[in-house]
Each structure stands twice: as C-alpha cells, then as structure tokens.
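Q: Need coordinates for the below:
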Amino acid sequence: MLLGFRVSVAVVAVGLVAALAAGDDQDEKKVVLKVGDAAPAFESRTDSDATWNSADRFGKKWVVVYFYPGDFTPGCTAQANAFRDAMHKLTEQGVEVVGISGDAVATHELFKKAQKLNFTLLSDEDGAVAKKFGVPVTPGATVKTKGADGKVLELKRSSTIARWTFLVGKDGKLAYINPKVDPIKDAKNIVEFIGKAEEK
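A: Residues are numbered from 1 along each chain as shown. This next block holds a predicted model:
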C-alpha cells in the first residue's frame, strides 16, 4: 500500500513538473501582436554602449524596429546596407531606425563601423526584447569575419533572433508587421508604406 502511495505521489509530481514546463512554453507563445496594438516598451544597449529607451521615442515619431539573426552574415548585411542607403529618405519622413539582434555591443560596434551604418544597433543577447514582440528566438552561433587589420575574427552571439520588421506609428501603436522579410526590399517597403500612410 505504501509503495503504491509513493508511486502515485511520484506520478503526480512528474505530472505537475510537466504541466508547469508546458505552461512556461505557452506563456512564451502567448505574445502575438497585431497591427493596432501598442508597441511593447523596452530598454536596450546601443552599439556605443548607451541606453536606448523606447519611452523616449514611441508615440513621438515613426520608429522602425527590425530584428535580424546576426551581424556579418550575408542577408543581415544586405538588409543593414539597404536601410543605410535609404536613410536620407527615411530621415525626410521623420523616421528613426533601430536594428536588433542577439549580438553583443562590441560586435555591433564592429559591424556598424565596417558597413558605415548611419542608424543605431541594439543588443538583445538573451532575446528578451524579441520575445516581447513575439519574435522567435533560437540558440546563438559563431560568425567569422575580418577585422580592420585584415585578421580573422571569431564572433559569438548568445541568441539568434528571427528576421521580423515592425513599424511603430506616431501614436505609439504598431502600424506594420512583417514576419517574412526580404532583407533587400525591407527598407524600400517601409519607405513606401510610410509614404502612403502620410498621404491619407
């Protein structure tokens, strides 16, 4: 009888642990944002290791928040360069752009310098900001690139964030969400979207 009781308690305990684990997974999956929702508030560190606070920007101007897998990778480099090249037009439209990945601040600093980027990169090493936006986060990776001196650098990032782009409107609400981003066309699509929105 005592043995049966112990087995029952063990089964219940295992069941509770499994239920709690499932609950944690469900909590992470619950974030599903849609156009018209308030943009999630967050703070992050910039490529120059300063604090970037959404409260200082959201609700005051257009803000592009684009998540990408990692610095120095082909698609992400193309996407960053497209935003760099479209920045004159975006600035005319009163838009601020921030790119967010799981790379460290120091890696962002190198990437920004190498690509001559004219906008801010934010570090989200644990993927916490991405999860607030409902963006999938997977384990990190290692990327090899060349430094200014020509030597090969091995850069590690803590997490890999999926490529999603959000546009926060002047009212602080999400005006545009794209979970299937074409890195080359991303900046162009944003410019066109804001142009049409301003015409209304």
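Q: Only the buried residues of the strand or helix carrying residue 82, if you could.
A: Counting by DSSP states H and E, the element that carries residue 82 is helix 74-92. Going by neighbour count (16 or more other CB atoms under 10 Å), the buried part of helix 74-92 is 76-77, 79-84, 86-87, 90. The way it works is simple: take the backbone N, C-alpha and C, and place the C-beta from them, glycine included.
Q: Over to stretch 142-162?
A: Applying 16+ other CB under 10 Å to stretch 142-162 flags 143, 145, 155, 157-162 as buried.
Q: tell me what the helix holding residue 82 is packed against?
A: strand 62-67, strand 95-101, helix 105-115, helix 186-199 (3 or more CB pairs under 8 Å, 6 or more residues apart in numbering; DSSP states H and E).
Q: go again using 7 Å as the cut-off
A: strand 95-101, helix 105-115, helix 186-199 (3 or more CB pairs under 7 Å, 6 or more residues apart in numbering; DSSP states H and E).
Q: among these, which is nearest residue 65?
A: With CB to CB, the closest approach to residue 65 among the helices and strands packed on helix 74-92 belongs to strand 95-101: 5.7 Å.
Q: quick one: that closest one to chain centroid distance?
A: Offset of strand 95-101 from its chain centre (CA atoms, centre = their mean, to the nearest Å): 9 Å.
Q: rewinding a little: now for the buried residues of stretch 142-162: which two are most distant?
A: Longest distance between any two of the buried residues of stretch 142-162 is 21.5 Å, between 145 and 162; criterion CB to CB.
Q: who touches stretch 116-125?
A: With contacts defined as CB atoms under 7 Å, 6 or more residues apart in numbering, stretch 116-125 is touched by 44-47, 52, 80, 83-84, 87, 97-105, 108, 111-112, 130, 158-159, 161.
Q: Lowest average confidence across helices and strands of the chain, where is it?
A: When each helix and strand of the chain is scored by mean pLDDT, DSSP states H and E, helix 2-29 comes last, with a mean of 41.
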